[in-house]
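*Asks:* I would like to see how this sequence folds:
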Amino acid sequence: MRHRKKFNHLGRTSAHRKAMLANMASSLLVHKRIKTTLAKAKALRMYVEPLITKTKGLSTVGEKTHAQRVVFSYLQNKEAVKELFTEIAPKVADRPGGYTRILKLGNRLGDNAEMCYIELVDYNENMLSASKSAEKKKTTRRGRRKKTAEAAVAAPAAEATATAEATAVEEAPATEEKVEEAPEAKAEEAAPEVKAEETTEAPAEEAKEDKKEEDTKADSKE
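*Replies:* Here you go, the predicted model:
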């Protein structure tokens, strides 16, 4: 009887079941995807994911060596252990579990067993590209609330731009008037100087004429 035994025995003895799961786990780590029945895939997922977790949080060489020996005691395959610690560990470093994916394929002819693919999540490029594109897409929702909110936000901005343009238009004629008044002011400032020069020159000419008259009078007397 299998009292309180929840895992699937897969119709095999304990030694046979462990050997089969070790071989399947080694194949999965080396090839990144294998085809098997759904029952075996579920049992394999429970077997291989704890082994992948052992590659995380290894800060020293001693910890890495110990983890490699523990994994080798389960798999008994040096190539699979090397692939796990050199190639797979860096890719799953940021993933908090769920390293494998099961893709159902339908029933097998003959015994009608459910077939599936079991694969490592980080090695399916098609799935990764699809997930990235889905993350980049933004969800849009039709509604009036969003439009009214956008209009309320845009209204103050439009008013600010309108007031800025009005002030610019009002300030422009003032500057032109200032520019036009500048030459007249300069002419007015220059005018007194000219008058002063004229006034200074006028007495000098009168003095010369008086001297000429005096000379003519003196000549006439002689």
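
*Asks:* tell me, how many residues neighbour residue 100?
*Replies:* 17 (other CB atoms under 10 Å). (C-beta placed from N, C-alpha, C; glycine too.)

*Asks:* residues in a beta bridge with it, which ones?
*Replies:* residue 120 (DSSP bridges).

*Asks:* which parts of this protein are helices?
*Replies:* 14-31, 38-53, 61-75, 78-83, 89-91, 125-136, 144-221 (DSSP state H).

*Asks:* worst average pLDDT in those helices?
*Replies:* Ranked by mean pLDDT, the helices of the chain bottom out at helix 144-221, with a mean of 62.

*Asks:* next, count neighbours for residue 79.
*Replies:* 11.

*Asks:* likewise for the one 10 residues further on?
*Replies:* Residue 89 sits with 17 neighbouring residues when counted by other CB under 10 Å.

*Asks:* what's the domain layout of the protein?
*Replies:* Domain assignment of the chain by automatic domain parsing yields the ranges 14-125, 143-222.

*Asks:* ok, the closest residue to residue 92 other than its chain neighbours - contacts?
*Replies:* Among residues not flanking residue 92 along the chain, residue 99 sits closest, at 5.5 Å (CB to CB, 6 or more residues apart in numbering). For residue 99, the contact set (CB atoms under 8 Å, 6 or more residues apart in numbering) comprises 48-49, 52, 92, 120-122.

*Asks:* let's see if you can find the most crowded of those.
*Replies:* Compared across the contacts of residue 99, residue 48 has the highest neighbour count, 25 neighbours, by other CB under 10 Å.

*Asks:* quickly note the distance from residue 108 to residue 215.
*Replies:* 147 Å (CB to CB, to the nearest Å).

*Asks:* scratch that, residue 96
*Replies:* Counting by CB to CB, the gap from residue 96 to residue 215 is 124 Å.

*Asks:* is it correct that residue 38 is in contact with residue 112?
*Replies:* No - under the criterion of CB atoms under 8 Å, residue 38 makes no contact with residue 112, lying 11.9 Å away.

*Asks:* neighbour count winner among those two?
*Replies:* residue 38 (16 against 8).

*Asks:* which residue is the nearest non-sequential neighbour of that one?
*Replies:* Nearest to residue 38 is residue 114, by CB to CB, 6+ apart, at 4.0 Å.

*Asks:* OK, contacts around the one you found?
*Replies:* Residue 114 neighbours (CB under 8 Å, 6+ apart): 37-39, 104, 106-108.

*Asks:* residue 102: neighbour count?
*Replies:* When neighbours are defined as other CB under 10 Å, residue 102 has 14 of them.

*Asks:* how about residue 123?
*Replies:* Residue 123: 15 neighbours (other CB under 10 Å).

*Asks:* what number of residues lie near the spatially closest residue to it that is not a sequence neighbour?
*Replies:* Spatial nearest neighbour of residue 123, excluding adjacent residues (CB to CB, 6+ apart): residue 32 at 4.3 Å. For residue 32, the neighbour count with other CB under 10 Å is 16.
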